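Asker: Everything below, folded, please.
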Amino acid sequence: MSELQLPPRLKIEPTPQSAWDGNFHIKPEPSNKSGDLLLKESGKRKTLSISLGSQEKLSSAVLRNVGVKTGKWLTGQQISAVGLSATEFETLAVNNALEAFCEGLLIGAFRFDRHKSDVETPKSVTVHVLTEGETSSLSDKIARVVAIVNGVNLAREWSHEPANIINPITLGERTKALAASTGLKCTILGEKELSEMGAGAIQSVGLGSKTPSQMIILEHQGTQKDSPPVVIVGKAITFDTGGYSLKDKAGIVGMKFDKCGGMDVIGIMQAVADLDLPIPVIGIVAAAENMISQDAYRPNDIITSLSGKTIEIISTDAEGRMVLADALTYAAEQYKPRAIIDLATLTGGVRTALGSVRAGLMSNNDQLADALFQAGESTNERLWRLPLDDEYFDLIKGTDSDIKNSAGGPSAAPIVGGMFLKQFVPDEIPWVHIDIAGTATIEKSKGIRLATGFGVRLVVEFLTTF
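Answerer: Coordinates of the predicted model:
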């Protein structure tokens, strides 16, 4: 874990049963309802009974959710250590039951309180996963879980940072420091490099800000050095006012979360490095701040993108697809990848269509789309495929330019976003666009949103099984 990440409130350690002398245990039990926690005491021995629900409905998703509740509970108590029997999870007849529960523990233990002055440094609780046999196999499983969830929690933490802390330039600095600590190669294309390249689309979005746009590139070579890489691209609008297509006072709150796709990419790349996956993986973060000034881009401006295609601006609030357009072009031209996956909080329309249960998936390749869909089912970061029929292009076909950046209305909004992006990926390169606008955050209560890191576990699962 990098020093750029908050220290964990909960740690998981494989421990031989014979070496454990603690008096606090977690015990999974079947019940009518999952997620209930009950503390039982008998003399000095304490047992936290966790309800799993009925066996018929038990799944890795249920175990992960119960783990989330347990992690939250444990980190709210004055507990330093607790034992958890690996055997009790192995008998549940659910694939990867222990791993799913441990993922939940680490996700549930996360808090973002870096900027609170009245919060004491919390003591971390250690969950000892007890085994009667040798611990090496168990250690490998736990290490994988920790690496993945560290990536999830990094994405969540950086997503929560406000725009006066993270802007395109400071994000580049942070990412470079992270790369140095994880063995990733980091390259940052700033204002000068983007201008010389002709990356007009990503540059245009940042014109109204004092911090210019950046394209941040992370590279994991892997052991298959001669294989073409998989490229993961993320939208990182560090704050989105909407530009001259200004958001209203309700819609502008929470726009620090418009960088969640890019933060997912950074979390994925940290996990890829920690797991030392064999395949080469490239992460590209397209970062900009969408502000208003005398230099900001305007509706009806015509921008020349890195691909050479010209784009008429219909809405300056359709900025995410602009930064992604140049990042996708760069990915295709520079790396000739075997696949491109992009993640973005792109449209409110996908939330209208799918709510917060599934993210929208659009693709030019059935095999890649099916593989991502299955990875979503396995991790419970679920996707639903939306069409990209040629007729949808008519909604954004240019009049005075090659293409418009918006249809100018709500009709088929998430599909229009995907269709726009499709124009910047050569047909021969398999590509998937994942619109996470409905799943990147959850509303805890009115006006309080929490980042989920949705997409990190999904993509790492895909890369692992690719």
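
Asker: which stretches of this protein have low pLDDT?
Answerer: 1-3, 121-122 (pLDDT under 70).

Asker: 50 instead, please
Answerer: The chain contains no residues with pLDDT under 50.

Asker: so where's the longest helix in it?
Answerer: As assigned by DSSP state H, the longest helix anywhere in the chain is helix 136-160.

Asker: Check which helices and strands that one is in contact with.
Answerer: On a contact count with 3 or more CB pairs under 8 Å, 6 or more residues apart in numbering; DSSP states H and E, helix 136-160 meets strand 10-16, helix 97-108, strand 125-131, helix 260-275, strand 448-451, helix 456-465. Where you see a C-beta, it was placed from the backbone N, CA and C, and this is true even at glycine.

Asker: quick one, which of the ones you listed is packed in tightest?
Answerer: helix 260-275 (a mean of 29; mean count of other CB atoms under 10 Å).

Asker: For the helix or strand just after that helix, output the C-alpha coordinates as CSV.
Answerer: Of the helices and strands lying after helix 260-275 in sequence (DSSP states H and E), the nearest is strand 281-290. Below are the C-alpha coordinates for strand 281-290, written out as CSV (Å, rounded to 0.1, in the frame of the first residue of the first chain):
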residue,chain,number,x,y,z
VAL,A,281,-1.6,-3.2,-19.0
ILE,A,282,-1.7,0.5,-19.8
GLY,A,283,-3.8,3.0,-17.8
ILE,A,284,-4.6,6.4,-19.3
VAL,A,285,-6.3,9.1,-17.1
ALA,A,286,-7.8,12.0,-19.1
ALA,A,287,-7.8,14.8,-16.6
ALA,A,288,-9.3,18.3,-16.9
GLU,A,289,-11.2,20.8,-14.9
ASN,A,290,-14.3,22.2,-16.6
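
Asker: Contacts only, for the residue nearest in space to the middle of the chain.
Answerer: Nearest to the geometric centre of the chain sits Asp264, at 2.9 Å (CA atoms, centre = their mean). Going by CB atoms under 8 Å, 6 or more residues apart in numbering, Asp264 touches 155, 234, 343, 436, 440, 453-456, 459.

Asker: Between those residues, which sits nearest Ser136?
Answerer: Comparing these against Ser136 with CB to CB places Val456 closest, at 26.3 Å.

Asker: Could you measure from the closest one over to Phe101?
Answerer: Per CB to CB, to the nearest Å, Val456 is found 18 Å from Phe101.

Asker: go on, Ile279?
Answerer: Relative to Phe101, and taking CB to CB, Ile279 is found at 28 Å.

Asker: is it fair to say Ala407 lies in a strand?
Answerer: No: using DSSP: H, G, I helix; E, B strand; the rest coil, the secondary structure at Ala407 is coil, not a strand.

Asker: Surely it touches Asp394?
Answerer: No: with contact defined as CB atoms under 8 Å, Ala407 does not count as touching Asp394 (9.2 Å).

Asker: So those two - more neighbours on which side?
Answerer: Ala407 (22 against 9; other CB atoms under 10 Å).

Asker: how about the helices in the stretch 301-450 of the chain?
Answerer: Taking DSSP state H, counting those that start in this stretch to define them, one finds helices in the stretch 301-450 of the chain at 320-335, 348-354, 366-379, 413-422.

Asker: need those helices in a markdown table with mean neighbour count and distance to Pro28, can you?
Answerer: Output for the helices of the stretch 301-450 of the chain, formatted as a markdown table (neighbours: other CB atoms under 10 Å; distance: least, CB to CB, whole Å):
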| stretch | mean neighbour count | distance to Pro28 |
| --- | --- | --- |
| helix 320-335 | 25 | 42 |
| helix 348-354 | 20 | 32 |
| helix 366-379 | 18 | 21 |
| helix 413-422 | 25 | 39 |
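
Asker: rewinding a little: and the contacts of Asp264, which two are the farthest apart?
Answerer: Based on CB to CB, the longest span within the contacts of Asp264 runs between Ala440 and Val459 and measures 13.6 Å.

Asker: sorry, back to before: most surrounded residue in the contacts of Asp264?
Answerer: Tallying neighbours with other CB under 10 Å puts Gly234 at the head of those, with 33 neighbours.

Asker: partner strands of the host helix or strand of it, parallel or antiparallel?
Answerer: Element membership of Gly234 [criterion: DSSP H and E] is strand 230-240. Strand pairing for strand 230-240, using DSSP bridges, gives strand 281-290 (parallel), strand 339-344 (parallel).

Asker: backbone phi and psi for Lys256, please?
Answerer: When quoted as degrees, to the nearest 10, the phi and psi of Lys256 stand at phi -70, psi -20.

Asker: residues in contact with it?
Answerer: Listed by CB under 8 Å, 6+ apart, the contact partners of Lys256 are 159-163, 166, 238-239.

Asker: and of the residues you listed, the nearest to Cys186?
Answerer: Within the contacts of Lys256, proximity to Cys186 (CB to CB) peaks at Ile166, which comes in at 16.0 Å.

Asker: separation between the closest one and Gln214?
Answerer: Counting by CB to CB, the separation of Ile166 from Gln214 is 12 Å.

Asker: same question, Pro7
Answerer: Distance, Pro7 to Gln214, using CB to CB: 28 Å.

Asker: do Ala286 as well
Answerer: Applying CB to CB to Ala286 and Gln214 gives a distance of 8 Å.

Asker: Thr187 in helix, strand or coil?
Answerer: Assigned by three-state DSSP, the conformation of Thr187 is strand.

Asker: Give me the three-state assignment for the closest residue to it other than its chain neighbours.
Answerer: Spatial nearest neighbour of Thr187, excluding adjacent residues (CB to CB, 6 or more residues apart in numbering): Ile217 at 4.4 Å. With three-state DSSP as the basis, Ile217 sits in strand.

Asker: if we can go back for a sec, closest to Ala147 out of the helices and strands packed on helix 136-160?
Answerer: Nearest of these to Ala147, taken as CB to CB: helix 260-275 at 3.8 Å.

Asker: what about that closest one, distance to the chain center?
Answerer: 7 Å (CA atoms, centre = their mean, to the nearest Å).
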